[in-house]
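Enquirer: Turn this into a model:
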Amino acid sequence: MSLLRARTLPELAELAGTERPGAVGFIAPWEGGFRPIAYEEWWGRIERLSAALRGSGLLPGDRALLLMETRYEWLICDLAILCCGAWTVPLYSSLPAAQLAHPIADSTPRIAIVSRPELLARLLAAPGAADTLRAVYLLDGVPPPVSPIPIIPVSEACDGARPGAAEERALREIREGIGPDDPSCIIYTSGTSTAPKGVLLSHANILSNARMIAEALPIGSSDRCLAVLPLAHSLERTAEYATIAAGGVLAYGRGIESLARDAMAVRPTVLLGVPRLFEQILSTTRGAARERGRLAGWLFEIAESVAERRGGRGPRMSETPTGPVPRQVRDLWDRLFFRALREKLGGQVRWLVSGSAPLARREALFFCGAGLPLLEGYGLTEAGSAVSVNRLDRWRAGTVGPPLPGVELRIAEDGEILVRGPGVMRGYYNQEAATREALEEGWLHTGDLGRLDNQGFLSLTGRKKDLIVTSGGKNISPAPIEDRLKESPWIEEAVVFGDRRPYLVALILPDRSATLAHLREHGIAAPAPQDVWAVVRKVVDRVNHDLAPHERIRSFDLLASAPSVEAGTLTPTLKVRRGALEAACIDQLSALYETTRR
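Expert: Okay, the predicted model is just below:
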């Protein structure tokens, strides 16, 4: 039974915990394995932690930081904060101390909840943390002997916080006093081109988006969703609430590095990810084939082409006639490669969803053709998370699908995507001018560029702020060019530059394992750097062939290392910070223009 009739997130949690006695809602790591957890146990822990937080002085309207990797306890802490009438400020566990300073200064949280000592040390090192926070709750590990802020182990706080009758009544009054339009959280944007802004979302914003997701995608009580994305990511958080409402099971692993092992253990039916995750899965599968020998590598190249052609029929291609290809041939590719890939993801995946950034068309086709329906979608924190998504029965390759039920889309004259619907944010916290700029007559100006076809499918064409204006006055969106380059198995990352310059150049990160394997297959046993450069040159030339003259890449160089969150060149949601990368590689970029002029 769906619980999306709930008006607030605490009400959703309470209904799940009280109306489903004995029903398993979660699977979490436990003593080297996994254990099932009932909804009622989960709700009991939320009640005890909310009593502890209220006892420490957390009041309605206060803010509370949540600094934690994706794990079972994340939603418990989130909902315990919300049950006190306070607002959650979720932060990515990958953020360095310096990048924690802005959200702390902006949201002025009263308390913080962190998962482990390493994150606690990072939080305490953040400028301003000791002056703002009154207490920090630590989930695992031992508090340091000396700290400028009181450190309270969550286990101790909850053991002494079993609410009595009077306290239960007080907590219930607080929960019942929360309205749908009251703030629930401040989520800080990734800040690819500007300082992060705090997106203020209400309970209704998140719950309405969860309803839309549940209506568009077939989430049911038999589904098991393996959490992979950070829960500070608005899509993962909202999708988890949609799963709870549907009575499904949320499974948590030990991190992205153990995805295959965890998937084999919990056997998910649904998996949400970002393009980098699916790129990595495909790259690993391709690399494993090449390690089996030259013949296996060659056969996998054919298998990829077969999968892409099959995937062109859509995510339900296995339910449709397969045409003139003999069944024995189709079964061969399945036995050689596709079945093993599905088993690595648990063997029971019904569908995958990719969001956060554009996915290469060929990868979407490959997964569909390999029997793993991959549905690309689009969203942003300011819209409550999801805006559009391809469906199993309404799908078009190269698009991010039609809008969710209840969402209106419009393309402005300059190509910007405008969104209107119940998930659209209340505004940016402490930024009235930015709010007025983003919200006009109920329409959210997303900053993304796109187009709608005559059947309502949305395609992304770039970022408005990423538009390159050359010194010759040509307006160029770099994203489609970068996506074309990254379609090659030999290129892991590509970033195009050229703003206020005479022409475009690029910094490219090769997929070194794929490139070296390719060179060895062509008789170069000990490839040199110039051999790798030559492989990339062929990709650039092939992409340039189909571009207008002013869109062509005149020169490029190879990146020595991948952009990273630690270096500030990658956001926590794995999007390249173009400006930061340009600043970090300014000498390399200047040399490209000097070399071309000579």
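
Enquirer: So, low pLDDT: which residues of the chain?
Expert: Scanning the chain for pLDDT under 70 picks out 1-2, 160-163, 191-194, 316-330, 595-598.

Enquirer: And the strands in the stretch 251-400 of the chain, which stretches?
Expert: 270-273, 351-354, 374-380, 385-389 (DSSP state E, counting those that start in this stretch).

Enquirer: would you put the C-alpha positions of the longest strand along the chain in CSV?
Expert: Identified as the longest strand of the chain according to DSSP state E is strand 443-452. Extracted C-alpha coordinates of strand 443-452, given in CSV (Å, rounded to 0.1, in the frame of the first residue of the first chain):
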residue,chain,number,x,y,z
TRP,A,443,8.9,29.1,-13.7
LEU,A,444,12.3,27.8,-12.6
HIS,A,445,15.1,29.0,-14.9
THR,A,446,17.3,25.9,-14.8
GLY,A,447,20.4,27.3,-16.5
ASP,A,448,20.4,24.2,-18.7
LEU,A,449,19.9,24.4,-22.5
GLY,A,450,17.7,21.9,-24.3
ARG,A,451,15.0,21.2,-26.8
LEU,A,452,11.6,19.5,-26.8
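
Enquirer: quick check, distance from that strand to the centre of its chain.
Expert: 19 Å (C-alpha atoms, centre = their mean, to the nearest Å).

Enquirer: Tell me the strands beside it, with direction?
Expert: strand 416-420 (antiparallel), strand 439-440 (antiparallel), strand 458-463 (antiparallel) (DSSP bridges).

Enquirer: for it, which positions count as buried?
Expert: 443-450, 452 (16 or more other C-beta atoms under 10 Å). All C-beta atoms are positioned from the backbone trio N, CA, C, and that covers glycine.

Enquirer: Make JSON lines from the residues you listed and add distance to A296 to it.
Expert: Output for these, formatted as JSON lines (distance: C-beta to C-beta, whole Å):
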{"residue": "W443", "distance to A296": "52"}
{"residue": "L444", "distance to A296": "49"}
{"residue": "H445", "distance to A296": "50"}
{"residue": "T446", "distance to A296": "44"}
{"residue": "G447", "distance to A296": "44"}
{"residue": "D448", "distance to A296": "40"}
{"residue": "L449", "distance to A296": "41"}
{"residue": "G450", "distance to A296": "40"}
{"residue": "L452", "distance to A296": "43"}
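
Enquirer: quick one: which two of the residues you listed are the most distant?
Expert: Greatest spacing in these, by C-beta to C-beta: G447 and L452 (16.9 Å).

Enquirer: and the nearest residue to P422 once chain neighbours are set aside, how many neighbours?
Expert: Spatial nearest neighbour of P422, excluding adjacent residues (C-beta to C-beta, 6 or more residues apart in numbering): S208 at 3.8 Å. For S208, the neighbour count with other C-beta atoms under 10 Å is 22.

Enquirer: Residue numbering should commence at 661 henceforth.
Expert: Understood, numbering begins at 661; the last thing we discussed is S868.

Enquirer: how far away is G913 from G972?
Expert: 32 Å (C-beta to C-beta, to the nearest Å).

Enquirer: Give me the more crowded residue out of these two.
Expert: G913 (24 against 14).

Enquirer: for the more buried one, what are its contacts?
Expert: When contacts are counted by C-beta atoms under 8 Å, 6 or more residues apart in numbering, G913 touches 689, 886-888, 919, 921-923, 926.

Enquirer: one more time with 7 Å, if that's ok
Expert: By C-beta atoms under 7 Å, 6 or more residues apart in numbering, the contact set of G913 is 886, 919, 922.

Enquirer: S716 is nearest to which of the strands of the stretch 911-1060 of the chain?
Expert: strand 1045-1049 (30.3 Å).

Enquirer: I'd like to know which elements that closest one is packed against.
Expert: Packing partners of strand 1045-1049 (3 or more C-beta pairs under 7 Å, 6 or more residues apart in numbering; DSSP states H and E): helix 863-876, helix 894-906, strand 1034-1040.

Enquirer: partners of the helix or strand following that strand in the sheet?
Expert: Per DSSP states H and E, the first helix or strand lying C-terminal to strand 1045-1049 is strand 1068-1071. In the sheet, strand 1068-1071 lines up against strand 1076-1080 (antiparallel) (DSSP bridges).

Enquirer: and whichever helix or strand comes after the strand it pairs with, what does it pack onto?
Expert: Following strand 1076-1080 in sequence order, the next helix or strand is strand 1087-1088 (DSSP H and E). Contacts defined by 3+ C-beta pairs under 7 Å, 6+ apart place strand 1087-1088 against strand 858-862, helix 1092-1098.

Enquirer: ok, back up a step: hey, which of the strands of the stretch 911-1060 of the chain is tucked in deepest?
Expert: Stretch with highest mean neighbour count among the strands of the stretch 911-1060 of the chain: strand 1045-1049 (a mean of 28; mean count of other C-beta atoms under 10 Å).

Enquirer: any residues touching that strand, and which ones?
Expert: By C-beta under 7 Å, 6+ apart, strand 1045-1049 touches 869, 872-873, 876-877, 894-895, 898, 1013, 1035, 1037-1040, 1060-1064, 1067, 1079, 1118.

Enquirer: and the angle for that strand with strand 1034-1040?
Expert: Using axes from the mean of the first three to the mean of the last three C-alpha atoms, to 10 degrees, the inter-axis angle of strand 1045-1049 relative to strand 1034-1040 is 140 degrees.

Enquirer: Mind jotting down where the helices sit in the stretch 661-810 of the chain?
Expert: For the stretch 661-810 of the chain, the helices defined by DSSP state H, counting those that start in this stretch occupy 669-679, 699-715, 733-743, 757-767, 777-785, 789-792.

Enquirer: Which residues are in contact with the residue nearest to P1082?
Expert: 1044, 1082-1083.

Enquirer: before we move on, what about Y752?
Expert: Y752 neighbours (C-beta under 7 Å, 6+ apart): 890, 892, 1232.

Enquirer: now it, nearest residue through space, not along the chain?
Expert: Y752's closest residue in space is P1232 (C-beta to C-beta, 6+ apart), at 3.6 Å.

Enquirer: measure the one you found to L751 for me?
Expert: 9 Å.

Enquirer: How about W1055?
Expert: In terms of C-beta to C-beta, W1055 sits 35 Å off from L751.

Enquirer: now R832
Expert: 29 Å.

Enquirer: who's more crowded, those two?
Expert: Using other C-beta under 10 Å, the more surrounded residue of R832 and L751 is L751, with 27 against 15.

Enquirer: Hmm, the more buried one is touching H762, no?
Expert: No - the pair L751 / H762 is not scored as a contact, 10.3 Å apart, by C-beta atoms under 7 Å.

Enquirer: Am I right that A1139 falls within a helix?
Expert: Yes - according to DSSP: H, G, I helix; E, B strand; the rest coil, A1139 belongs to a helix.

Enquirer: what residues are up against H762?
Expert: 855-856.

Enquirer: Repeat that for E1068.
Expert: E1068 neighbours (C-beta under 7 Å, 6+ apart): 1080-1081.

Enquirer: out of the strands of the stretch 911-1060 of the chain, which comes closest to W747?
Expert: strand 1045-1049 (17.1 Å).

Enquirer: what angle separates the closest one from strand 858-862?
Expert: Strand 1045-1049 and strand 858-862 are oriented at 80 degrees to each other (the same axes, to 10 degrees).

Enquirer: Pull the distance from strand 1045-1049 to the chain's centre.
Expert: That offset, for strand 1045-1049, works out to 12 Å (C-alpha atoms, centre = their mean).

Enquirer: ditto for stretch 682-698
Expert: 24 Å.

Enquirer: Mind listing what's buried along stretch 913-923?
Expert: 913, 916, 919, 922-923.

Enquirer: out of those residues, which are inside helices?
Expert: Here DSSP state H is the test, and the buried residues of stretch 913-923 give 919, 922-923 as lying in helices.
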